[in-house]
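Asks: next come a sequence and a model predicted from it.
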Amino acid sequence: MLSKRAVSSFVSLLVLIVLVFFLSRLTGDPASLYLPVDASEAMRENFREINGLNDPVLVQFGNYLSDLVRLDFGDSLRKARPAMDVVLEAFVWTLWLAAITMVLVVVAAIVVGSIAAFNVGKPFDRIASVFSLIGASAPDFWIAIVGIVLFSVTLGWLPTSGTGTVWHWVLPIAVLFIRPFGLILQIVRGSMINALGSAYVKTARAKGVKSSPIIFVHTLRNAMLPVITVIGDQAAALLNGAVVVESIFGFPGVGKLMIDSILQRDFNVILAAIMVTAIAIFLMNILIDVAYALLDPCIRT
Amino acid sequence: MADHLLEVRNLSVRFHTAQGVVNAVNGISWHLDKGETLAILGESGSGKSVSASAIMNLIDMPPGEITCGEILFDGIDLLKASVEDRRRLNGKRIAMIFQHPLSHLNPVYPVGWQIAETAMAHGRGKAEAYDRALALMERVGIPNARAAMAKYPHQFSGGQRQRLMIAMALVLKPEILIADEPTTALDVTVQAEVLSLLEELKAETGMGLLMITHDLGVVAEAADRAVVMERGRIVETGTPHELYYNPQHPYTRKLLAAAPGKGEMRSTPAAAAPILRVQDLRKSYGGFQALKGATFDLHAGETLAVVGESGSGKSTIARLILRLEEATAGCVLWQGDDLLTKSPRQMARVRRQLQMVFQDPTQSLNPHMSVFQIISEGWAIHRDIVPKVQWKARVAELLQQVGLEPGHALRVPHQFSGGQRQRIAIARALALEPEVIICDEAVSALDVAIQKQVIDLLGELRNRLGIAFIFIAHDLPLVGDFADRVLVMQAGEIVEQGTVRQIFDAPQQAYTQRLLFAGLDADPDIHATRRSARLAMARG
Amino acid sequence: MSTPATATVPMDSPPRTGTLRILSMLWADKLPFAAALFLLVIVACATFGPWLLFEVADDTNLRLRNAPPFNMEQGFAYILGGDALGRPLLPRIVVAAQNTMMIAGGAVLASFLIGGTLGLIAGYVGRWTGEVIMRLADVIMSFPSLLLAVIVLYMLDASITNLILVLAITRIPIYLRTTRAKVLEVRERMFVQAATMMGASHLRIVVRHILPVILPTLLTIATLDFAFVMLAESALSFLGIGIQAPEITWGLMVSQGRQYLTNAWWLAFWPGLAIILTTMSLNLLSSWMRVALNPTQRWRLETSATSKGGKSNG
């Protein structure tokens, strides 16, 4: 099962690399970006020659693949360093951002969603629903700039961008938090309502089990099953790099790196970034599957 | 008056639904004594489970509302007791088991823990709780009980799951056990085993047993007394014997009249030519052989019943004949041609002659289509049956034929009751003017009275139109009333076949005998005879 | 089992026609009704706005650069303030509605049709074809949409059609996967088998039995996705790789207002609010549709429509 998944993911990744390799070269000649506007044709020629951009695209691709087999991902045009180093550096930032955000989202969504499910139709549930609706509807860049105006400019509580202190992380995490929180909250709530109405909860009540074990032991574990899938999707989106949020807050993550590299035609970095995030998402999906199997014995057997 | 174990007095419960207020039970009173089995008998929607839910504090309020009444247990009125006091009674002194053990057991925890939880919830230590759980699992007959404790509900069979539920309920030796349709989803033989297990356990512990059921046979087999409920009211109370031989209320009489197995068995008609010949039909899924070579004939106009327990392969036969699944080997000769080798296009043309009525009409009717569209669809496929201008008239005619009104044609399926939906499904089958209709448990999901109406309808159609039926069922009394010939199936094989009289009056195979003896009859006297026969078989 | 009587719809309820019935159900539910009304207003703005207000919206007035909102002296057009070139914000938002709606609508329609068709094929034909289509979806899913946008921007140009193309491609997998999953489930249902047994052709089974069942789900998703595509479009415009001035969309307006955040917050705030209100209405309507378009659930809404003020299912 795992090997089959690995193979199909690998095939998809390969097709993706081929597509990106050829398509990204359609965006134009890097030489015109990296050299001064008045650079002579000879200088341009020289630049292309050094970076192997003069060969036919197919030859370039062949070279790229043969380097790839030796785990050489090429150099970044922009930073004149190995592309992989540049990507991994950025990826660590994104990984932290994604991990902290996801942990907060999951804890908050499960707690709030469960309480809402237990109080269907009551004020708490309604307020939670409104929040999740707004969360799922608001554009993140808009929340980000409103947040900056409010907390950084007007109130002066938080820095506007950068990564120096803990305070720098507050706004990016808060902005990234909102959308997945709204989505997962809805799923938790629905799933908990289902589980609370299920037959085995009736059995537990007939056995004389107290309310708190009914919620935390009997329902929560069952209700988590559909939630896990959604958590996986949202985490994958975060691992891909939060382009908008990262660029607004000047956060040196993979999303910002991606958009910068695309705009600067830094092809090797684009490809390396795609591979790193694809592998990270593959590993995370395996984690999700493991979590699923731990929770649900029917999957295990 | 205070010496009853449990007494329900003048209880009224109503539910606030989107349609308005539904009175679920209306001023009902009954009592249960120590060591007694009281049955509450009723059809779906009669409110038979509501008083049990009220006793266990399982009614969600809202939408439920208990408007009046008392439930007296051990000198106190449960309805006035605190939530915490009632929780302490649940599972410890009053326990309950349910109809679908698979959904009533928590799928993600091992069964040993779930049984022990009853004890732990009432303050017993972990070790003691697990010891009791083990002892009870052994007592209810779970093989390899110690190893089975670590297994999960989906790893057990239906009958075992119900035994596990019973073990879970009895961990703390409750004084009252409420069983809500405990055997409804089980095979007849398993049903008999579970009922006798309950009987034994009752004798051992002296508990009072409240049995909620729709099945007159269960009442006759297990109950000391029964109350009959209709639309939220108790219409009659008495011993099974009194109710069967001297029913007072018209509703009780109607229920009894609808109970299958009392009609005259059909004498075999003169043998017509076989229209369908099934030869050595086989189906395997991977290494599992679902059907191990079935050979039989179906004659024009006859009704052939296929009986057996779940998993015996009886539905597989139907699906293979109709090529809803592809057979592994064998042939199905329809008027001389092998159906299994036909191309999809050829098969599509033959299909109009062989129709099927499924068990659950809710699922077999497209919820997005009107009754008119459902019935006329076959004519759009096979254009030579009815010209389009006559569709409307013919749909009206068919609806009348199955006991519905022509005006129903524009409604959608969910606007009908279960019995009415099955009539629509029958009308759809009839629309194609088939020569054979295969009924796959077509009446199993219906209440007895409705079941009787549908069976009568099928019988009438058979006489009028000369359609042959393959009637797949697990309910033997029903088969006895309706069939000409019977195939008995066990584990993918036909173990016995013969005319209905041969099978019912002189069964040759032990398996057939077991099936027949395990079947529950509405007549309490028959049960006495059967029980002794079962005992004799167990000894022999 | 404690439910006493299975509730069936009263048999004497007259069978009403589809649209009328849905409208009367909508009328009974306050919040989704308000959402639908708001969307109607937006659609009206998008249709007639540019035609009526283009002149006003393009009228630069340097005296009114970054004019603050809620100031009626300059006339109603400036109620929400003026932008960096002194153009009135409210008419600009109304005019921008057209591009915003057209891009989102076009992308949703295209991805709906392509994704739905591919999903239908993947689910119904099955095995190899399905497998190939699913891998294709995987590739599209992991292809960076930003790169796609940049490629299109450089290769072609930043026209509305091309932006629709980019967004449509990135959204195809959503419809493809959902359709396939639903088809795989629905084709096993009893009524599909019943149709097979009557001798129905594949075309008939797909068109008459499978599509009507999965269409409500797809429409619900499309409504939700409309909101998502709007957000994606505005994010692209915000990053400068979407629509280019002088064309306007709400996302671009937010982006243009960003540099004046500290002294004129309204430049970015109002178009952002327009986005939020529209996506929120779409989300609300989508969750209402989930119930309303399901024939086995619909009676809940229908009965609450006849008895006054029923609780919304939320």
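Replies: Here it is on my side, so go on. These figures come from a predicted structure and were not determined experimentally.

Asks: next one: A:Asn119 from B:Trp391, what distance?
Replies: For A:Asn119, the distance to B:Trp391 equals 53 Å [C-beta to C-beta, to the nearest Å]. The C-beta positions use only the backbone N, C-alpha and C, and glycine is treated the same way.

Asks: report the buried residues of stretch C:25-35.
Replies: The neighbour-count check on stretch C:25-35 (16 or more other C-beta atoms under 10 Å in any protein chain shown) flags C:25-26, C:28-29, C:32-33, C:35 as buried.

Asks: B:Arg464 belongs to a helix?
Replies: Yes. Membership of B:Arg464 in a helix is supported by DSSP: H, G, I helix; E, B strand; the rest coil.

Asks: that one: neighbour count?
Replies: Neighbour count of B:Arg464, defined by other C-beta atoms under 10 Å in any protein chain shown: 9.

Asks: check contacts around residue 160.
Replies: All of this refers to chain A. Contacts for A:Thr160 (C-beta atoms under 8 Å, 6 or more residues apart in numbering or on different chains) come out as A:148, A:152-153, A:249.

Asks: let's do chain C instead
Replies: By C-beta under 8 Å, 6+ apart, the residues touching C:Ile160 are C:99, C:102-103, C:106, C:243, C:247.

Asks: what's the closest non-adjacent residue to B:Arg124?
Replies: Distance criterion C-beta to C-beta, 6 or more residues apart in numbering or on different chains; nearest residue to B:Arg124, sequence neighbours excluded, is B:Arg132 at 7.5 Å.

Asks: what residues sit buried inside the helix or strand the one you found falls within?
Replies: Secondary structure assigned from DSSP states H and E places B:Arg132 in helix B:126-139. Neighbour-count burial for helix B:126-139 flags B:129-130, B:132-134, B:136-137, B:139 (criterion: 16+ other C-beta under 10 Å).

Asks: counting neighbours, what do you get for the closest residue to C:Ile210 other than its chain neighbours?
Replies: Closest residue to C:Ile210 apart from its sequence neighbours, by C-beta to C-beta, 6+ apart: C:Val186 at 5.2 Å. Look at C:Val186: counted by other C-beta under 10 Å, it has 20 neighbours.

Asks: lowest-confidence helix or strand of chain C?
Replies: Between all helices and strands in chain C, the lowest mean by mean pLDDT, DSSP states H and E belongs to helix C:298-306, at a mean of 47.

Asks: how close does whichever residue of the stretch 151-300 of chain B sits closest to chain A get to chain C?
Replies: With C-beta to the nearest C-beta, the shortest gap between the stretch 151-300 of chain B and chain A falls at B:Tyr152, namely 4.2 Å. The gap separating B:Tyr152 from chain C is 23 Å, by C-beta to the nearest C-beta, to the nearest Å.

Asks: tell me which residues touch that residue, please.
Replies: A:297-298, A:301, B:107-111.

Asks: how close does it sit to C:Thr47?
Replies: 58 Å.

Asks: do B:Ile375 as well
Replies: To C:Thr47, B:Ile375 is 44 Å away according to C-beta to C-beta.

Asks: so which residues on the stretch 401-540 of chain B come close to chain C?
Replies: Counting by C-beta under 8 Å from any C-beta of the partner chain, the residues of the stretch 401-540 of chain B close to chain C are B:410-412, B:414-417, B:425, B:428, B:432.

Asks: out of the residues you listed, which are inside strands?
Replies: Among those, no residue falls in strands (DSSP state E).

Asks: between the residues you listed, which sits nearest chain A?
Replies: Comparing those against chain A with C-beta to the nearest C-beta places B:His414 closest, at 20.7 Å.

Asks: tell me the contacts of the residue nearest to B:Arg124?
Replies: B:Arg132 is in contact with B:115-116, B:119, B:124, B:171-172, counting by C-beta under 8 Å, 6+ apart.

Asks: same list (those) but as JSON lines, adding secondary structure.
Replies: Shown next, in JSON lines, are these (three-state DSSP):
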{"residue": "B:Ile115", "secondary structure": "helix"}
{"residue": "B:Ala116", "secondary structure": "helix"}
{"residue": "B:Ala119", "secondary structure": "helix"}
{"residue": "B:Arg124", "secondary structure": "coil"}
{"residue": "B:Val171", "secondary structure": "coil"}
{"residue": "B:Leu172", "secondary structure": "coil"}
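
Asks: farthest-apart pair in those, please.
Replies: Spatially, the most separated pair among the contacts of B:Arg132 is B:Ile115 and B:Arg124, at 11.9 Å (C-beta to C-beta).

Asks: give me the more crowded residue out of these two.
Replies: Per other C-beta under 10 Å, whichever of B:Ile115 and B:Arg124 has more neighbours is B:Ile115, with 29 against 18.

Asks: excluding chain neighbours, what is closest to the more buried one?
Replies: In this structure, B:Ile115 finds its nearest non-sequential neighbour in B:Ala133, 3.9 Å apart by C-beta to C-beta, 6+ apart.

Asks: what helix or strand is B:Ile494 on?
Replies: Per DSSP H and E: strand B:493-499 holds B:Ile494.
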